[in-house]
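[1] Here's my sequence, what's the structure:
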Amino acid sequence: MDCLVHKKPFDPNKKKTEGIQITAWPLELNGEEVRLHVWDFGGQEIMHATHQFFLTERSLYLLVLNGREGGEDADADYWLRLIESFGGNSPVIVVLNKIKQHPFDLNRRALQQKYVGIREFVPTDCEDGTGIEKLRRAIERETDRLEDLRVKFPTAWFAIKDRLAGMQTNYLDFDEYRKECEQLGEREAEAQERLAGFLHSLGVVLNFRDDPRLTDTHVLNPVWVTSGVYTVLNSHKLAEQDGQISVSEMGGILDKQTYPIKMHGFLLDLMRKFDLCFAFGDDQPGRYLIPELLDKQEPQETAEFVPEECLNFQYHYPVLPEGLIPRFIVRTHAMSTGLPRWRSGVILQFEGCQALVKGDVHERKVWIFVAGPVRGQRNLLAIIRNDFERIHSDIKKLQPQAMVPVPSHPKVVVPYEKLLKFEDKGIPEFHEQAGDDVLTLSVRELLNGVDIERPRKRDELLARTDGAVTLFISYAYKDESLRAELDAHLKLMQRTGLVQKWDDRLLTAGEEWRRGIDENLQRADIILLLVSADFLSSDFCWQEEMERALQRHQTGEARVIPVIIRHADWTQAKFAELQALPKDGKAVTLWPDRDSAWTNVAEGIRQVAEEIRSKRSRARASSRRQ
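    From the prediction side, this is the model:
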């Protein structure tokens, strides 16, 4: 950045960027003053998963490559795919750095055909200044072309932006932010919220008002956030502990003045928001696991999954992001308690079946092997696929290919979409080569082997989803690990289109959290109350969500189901007369087999959902007859 932004001579002794460095770069474009915020990311492998904090649309990207290690083609494809996935149609300048020291080139035409965001390739070398001025001109040109560059700001917004950009404090709660806005002339609450989101996109501040867990502190200094997260991820202590950390240990990792104790839980919650870590739960309160720091060694238990004896499934990726498997481990952690986890894989357990899920960045594949009773195999595979599909939907344009291995020849794989197309066209069988043999394969058998019972044709599936019973979950945040256990059992109902679940984890970026909760609570057909002592003592759960839920239950607009998850005295609660789950209202954590408790809960929810859908279908049929 010194050579490019500040025009300083090259310093060969300066250390490479560790973590992230944010630099303000004032420019003059066509007589107008413009300020770029340059975000310089470290290239260390451990940091790749954290880049999702900052890869956004409406940005200009510089992809800096060098030919020192000979992997420039693979690096270019990897990062261009990620930029396209997270940055949308943002323009990209590819910088071929240290070109004099390590000469190299790329297949430029092929890359531009594949990635339409590429605007230019610029060879550079800071040591003698090669290409630096050309790069500076390319940046100015593409900056001048950015769509949002000349969006009109109210005068007050400029003053607020400058005040926040220069603020000495590292964080503000939203009330303090609103006071700053009012002092500088912006008094409208909705405009204050829009501005916070806009400044987040610009990189002036970070703002996560969409997540109720982060409501106390909304407006953050980006350097403070990133330095804190990166310091945690690079902690030697954490590496020695295979990614396990307690809130009390944060003080030994972070500077106490910059990161006071009251903010340690917030940073961990921020990491949870981005699926970088998870809480162990009620059995180990205050302890977290960061899968990015797990041991890399694959455990011996993986040898027990023999492909010929398993139900198998695969995903093939154009590029497999470094953090994808750790993110999957976070999302499914409730099913891997007490089982092996490592940086590129995990073993899961559900209703008597086990699954091995592992990925390989270089092979660009994820393998899934499910062992156990046949019906249980399909259910567990459905849950795994559901989580991968959710992760894939968050990374636009990733477009992995789902593959179905042939049971008798697991090394032979058939694209899932190909099977769907054959079924749609009424083609019952097809031929596939397996070594020297040619196999005759049944489309229906292959699909039924990996799918639970549900419509596969898109129009039928859409119709089923449109008729799904909407489910709202109200819970205390201290019970998030138990909510995650329930999620695994609800995913099967989601997969078949019976229910459409909503909880605050589904709030989208930029969505006002209270409004999102209110709207989804109002439209829910079933409202689950996850009852515990913390739920009963939560003002928000008790006074707002539960009160409104019971009002809708009494008018017949929704069904409220209390789910007793931890022992608590709820006999005097307003919902005490409602039928509670699991059986006899015995708390889930008191059952000798927690899996059986959740199965009992899921069966009760399924019965109510089917009743609601059946009643809705009869009403529609009656309306059509009239």
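
[2] average model confidence for stretch 535-552?
    Averaged across stretch 535-552, pLDDT comes to 78.

[3] from here on, count from 151
    In the new numbering, first residue 151, that becomes stretch 685-702.

[4] That one spans what distance, first to last residue?
    19 Å (CA to CA, to the nearest Å).

[5] Pull out the buried positions in that stretch.
    Neighbour-count burial for stretch 685-702, counted by 16 or more other CB atoms under 10 Å, picks out Phe685, Leu686, Ser688, Cys691, Trp692, Glu694, Glu695, Met696, Arg698, Ala699, Leu700, Arg702. C-beta: built from backbone N, CA, C; applies to glycine.

[6] Check stretch 174-185 too.
    Trp175, Val184.

[7] same deal with stretch 238-246?
    Here stretch 238-246 shows Ser240, Pro241, Val242, Ile243, Val244, Val245, Leu246 as buried, counting by 16+ other CB under 10 Å.

[8] Of these, which one scores lowest on pLDDT?
    Where pLDDT dips furthest among those: Ser240, at 88.

[9] where's the closest residue to that one other than its chain neighbours relative to Lys641, distance?
    Leaving aside its chain neighbours, Ser240 sits nearest to Ser209 (4.9 Å; criterion: CB to CB, 6 or more residues apart in numbering). When distance is defined by CB to CB, to the nearest Å, Ser209 is 34 Å away from Lys641.

[10] try Arg295
    For Arg295 relative to Lys641 (CB to CB), the value is 44 Å.

[11] Check Ala723 too.
    29 Å.

[12] And Ala389, by the same measure?
    In terms of CB to CB, Ala389 sits 33 Å off from Lys641.

[13] higher neighbour count, those two?
    The neighbour count for Ala389 versus Lys641, taken as other CB atoms under 10 Å, is higher for Lys641 (23 against 14).

[14] need the contact list for that one.
    Ala532, Ile533, Asn536, Asp537 (CB atoms under 8 Å, 6 or more residues apart in numbering).

[15] Which of those residues sits closest to Val516?
    Val516 has its nearest neighbour among these in Asp537, at 11.3 Å by CB to CB.

[16] Now do the phi/psi pair for the closest one.
    phi -70, psi -40 (degrees, to the nearest 10).

[17] residue ranges of the strands in the stretch 151-300 of the chain, please?
    170-179, 182-191, 211-216, 242-247, 268-273 (DSSP state E, counting those that start in this stretch).

[18] Redo the ones you listed as CSV? Include distance to Asn371.
    Output for the strands of the stretch 151-300 of the chain, formatted as CSV (distance: least, CB to CB, whole Å):
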stretch, distance to Asn371
strand 170-179, 9
strand 182-191, 12
strand 211-216, 23
strand 242-247, 27
strand 268-273, 31
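
[19] now, which of the buried residues of stretch 685-702 sits nearest Lys311?
    Closest to Lys311, out of all of these and judged by CB to CB, is Glu694, at 33.7 Å.

[20] Assign the closest one to helix, strand or coil.
    Secondary structure, DSSP: H, G, I helix; E, B strand; the rest coil: Glu694 is helix.

[21] follow-up on the earlier one: which one of the contacts of Lys641 has the most neighbours?
    Counting by other CB under 10 Å, top hit in the contacts of Lys641: Ile533 with 25 neighbours.

[22] Sounds good, over and out.
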